[in-house]
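Novice: pasting a predicted model and its sequence here:
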Amino acid sequence: MKVPYFKPYIGREEEEAVLSVLRSGWLTMGPVTEEFEAKLRDYLGVKEVVAVSSCTAALHLSLLALKIGEGDEVITTPFTFAATGNVIMHVGARPVFVDIETKSYTIDPEGVKEAITERTKAIIPVDYAGHPYDVRAISEIAEDHGLFVIEDAAHALGAEYEGKKVGSLSTTTCFSFYPTKNITTGEGGAIATDDERVAERLRLLRLHGMSKDAWKRYTSVGKWYYEIEECGWKYNMTDLQAAIGIKQLERLDRFIEERRRIAKIYNSELDGLDVITPKEFGNVKHAYHLYPLLLKDYDRDEFIRELGRRGIGCSVHFIPLHLHPFYRKEFGFRPGDFPRSEWVYEREVSLPLYPGLTDEQIRWVVESVKEVIG
Ligand SMILES: *Cc1c(COP(=O)(O)O)cnc(C)c1O
């Protein structure tokens, strides 16, 4: 029996949608991207959605649109993917790491309070594995100190906090449509925001800083006219990607139900073992992007080898940013600096969790974990 760590779920509808864009003669950003943005906006219940080339671009553009740069500090967690920290470096700001709390593995609000200085401009919380960050505590801190919240929701499309969808909870919310994420467009991302002025800046910066409606002010010149208002980036989505996204979005709620069903099976089968299983803390709806299992008393790397021998693929999320050579060199970080992130990292293994896993595969994963740990 083979259980790959991940396999995207792509159907005939996606294939036909791509074909139709290919035949339309319009391959880059255009009407299909606008349709995808509108559908995502409706799904999330937000005023604005801006589709981009990746979640990394979404995070980078959020910082740029909010005018965060040289001399500013941005608070985030080291327990994340490289993109979250790298984009802060890209704008010339300083990433200030705050450790996670040990239930949902999201940024610790008490630590955030202590890390704020007069240079702090924003907080980037990460919805680890699909569990929303502590929105109530973090927004209160952000309001008290006049900070923006840029949510890294790469894992959390479809998640909810107190009945509200992730996407409507922060200044901007950044989603990923990378193949492993809850829905995919091959590569792609989006920014959700309720702030129309921010959305306008995001659109400008997504495409060279080119003002689309400049020609309106020069009607005698015509439609070929544009103006570069700022030094922007080339971060647009394409209609080929958006066509896949529209079909994937239609499947999203069923995808999440299936992820939840599998996670529940894993939880009920594995809870008796010497492990910590993922749970929902507070009034949230988890998006179950990952199934992070913590091994309390079994070597993680040995466990991955044992599951590999049984044909089961696993992954690890995440190697804390402060342990990577770049961040160590740049900021002098050392092992022990963020002990909770390191504690989780050392024990964490992500089990296969995606729509398309068969009952036999799920059973095989459960039996194998029990056999190896037992
Ligand atoms: C995947 C991921 C990203 C980056 O997403 P891309 O779309 O590949 O740029 C950012 N943050 C987290 C937490 C991720 O898991």
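Specialist: Received it, and whenever you're ready, just let me know what you need.
Novice: for residue 31, which non-adjacent residue is closest in space?
Specialist: residue 239 (7.1 Å; C-beta to C-beta, 6 or more residues apart in numbering). All C-beta spots, glycine's among them, are computed from the backbone N, C-alpha and C.
Novice: same deal with residue 98?
Specialist: Here the residue nearest residue 98, using C-beta to C-beta, 6+ apart, is residue 111, at 3.9 Å.
Novice: buried set for whichever strand or helix holds that neighbour?
Specialist: In this structure, residue 111 sits in helix 109-115 according to DSSP states H and E. Judged by neighbour count (16 or more other C-beta atoms under 10 Å), helix 109-115 contains these buried residues: 109, 111, 112, 113, 115.
Novice: mind putting those residues in CSV, pLDDT and distance to the ligand included?
Specialist: As requested, the buried residues of helix 109-115 are exported to CSV (pLDDT from 0 to 100; distance: C-beta to the nearest ligand atom, whole Å):
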residue, pLDDT, distance to the ligand
109, 98, 19
111, 98, 18
112, 98, 17
113, 98, 23
115, 98, 19
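Novice: list just the nearest of the residues you listed to residue 188.
Specialist: residue 112 (29.7 Å; C-beta to C-beta).
Novice: now do the contacts for the closest one.
Specialist: For residue 112, the contact set (C-beta atoms under 8 Å, 6 or more residues apart in numbering) comprises 75, 98, 123, 138, 141.
Novice: tell me, how many residues neighbour the second one?
Specialist: So the one you mean is residue 98. For residue 98, the neighbour count with other C-beta atoms under 10 Å is 23.
Novice: that one contacts residue 108, correct?
Specialist: Yes. Contact between residue 98 and residue 108 holds when scored by C-beta atoms under 8 Å: they sit 6.1 Å apart.
Novice: quick one: name the residues of the protein near the ligand.
Specialist: 54-56, 80-81, 83-84, 126, 152, 154-155, 176, 178, 189 (C-beta under 6 Å from any ligand atom).
Novice: among those, which lie within strands?
Specialist: 152, 176, 189 (DSSP state E).
Novice: can you flag the buried ones in those?
Specialist: Buried among those by 16+ other C-beta under 10 Å: 152, 176, 189.
Novice: centroid-nearest residue for this protein?
Specialist: Centroid-nearest residue in the chain, with C-alpha atoms, centre = their mean: residue 154, separated by 0.9 Å.
Novice: please name the nearest non-neighbouring residue to that residue.
Specialist: Nearest one to residue 154, counting by C-beta to C-beta, 6+ apart, is residue 176 at 3.8 Å.
Novice: contacting residues around the one you found?
Specialist: Contacts of residue 176 by C-beta under 8 Å, 6+ apart are 54, 55, 58, 154, 155, 188, 189.
Novice: so residue 242 is in which element?
Specialist: With DSSP H and E as the criterion, residue 242 is inside helix 239-270.
Novice: quick one: distance of that helix to the chain centre.
Specialist: Helix 239-270 sits 15 Å away from the centroid of its parent chain (C-alpha atoms, centre = their mean, to the nearest Å).
Novice: also stretch 36-50?
Specialist: With C-alpha atoms, centre = their mean, you get 16 Å for stretch 36-50.
Novice: contact partners of it?
Specialist: 51, 58, 61, 164-168, 173, 190-196, 198-199, 202-203, 206, 237, 242-243, 245-246, 249, 252.
Novice: what distance separates the start and the end of that stretch?
Specialist: 10 Å (C-alpha to C-alpha, to the nearest Å).
Novice: and the average pLDDT for that stretch is what?
Specialist: For stretch 36-50, mean pLDDT rounds to 98.
Novice: quick revisit: out of the ones in strands among the residues of the chain next to the ligand, who's nearest residue 314?
Specialist: The closest of these to residue 314 turns out to be residue 176 (C-beta to C-beta; 20.5 Å).
Novice: so how far is residue 151 from the closest one?
Specialist: Counting by C-beta to C-beta, to the nearest Å, the gap from residue 176 to residue 151 is 12 Å.
Novice: now residue 303
Specialist: 32 Å.
Novice: which one of these two is surrounded by more residues?
Specialist: Between residue 303 and residue 151, residue 151 has the larger neighbour count (other C-beta under 10 Å), namely 28 against 19.
Novice: where do the helices sit along this structure?
Specialist: Shown for the chain, the helices assigned by DSSP state H span residues 12-24, 31-44, 55-65, 82-90, 109-115, 135-145, 196-206, 239-270, 300-309, 325-331, 339-347, 359-373.
Novice: rewinding a little: let's have the residues of the chain next to the ligand in a markdown table, adding pLDDT.
Specialist: Conversion of those to a markdown table gives the following (pLDDT from 0 to 100):
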| residue | pLDDT |
| --- | --- |
| 54 | 98 |
| 55 | 98 |
| 56 | 98 |
| 80 | 98 |
| 81 | 98 |
| 83 | 98 |
| 84 | 98 |
| 126 | 98 |
| 152 | 99 |
| 154 | 98 |
| 155 | 98 |
| 176 | 98 |
| 178 | 98 |
| 189 | 98 |
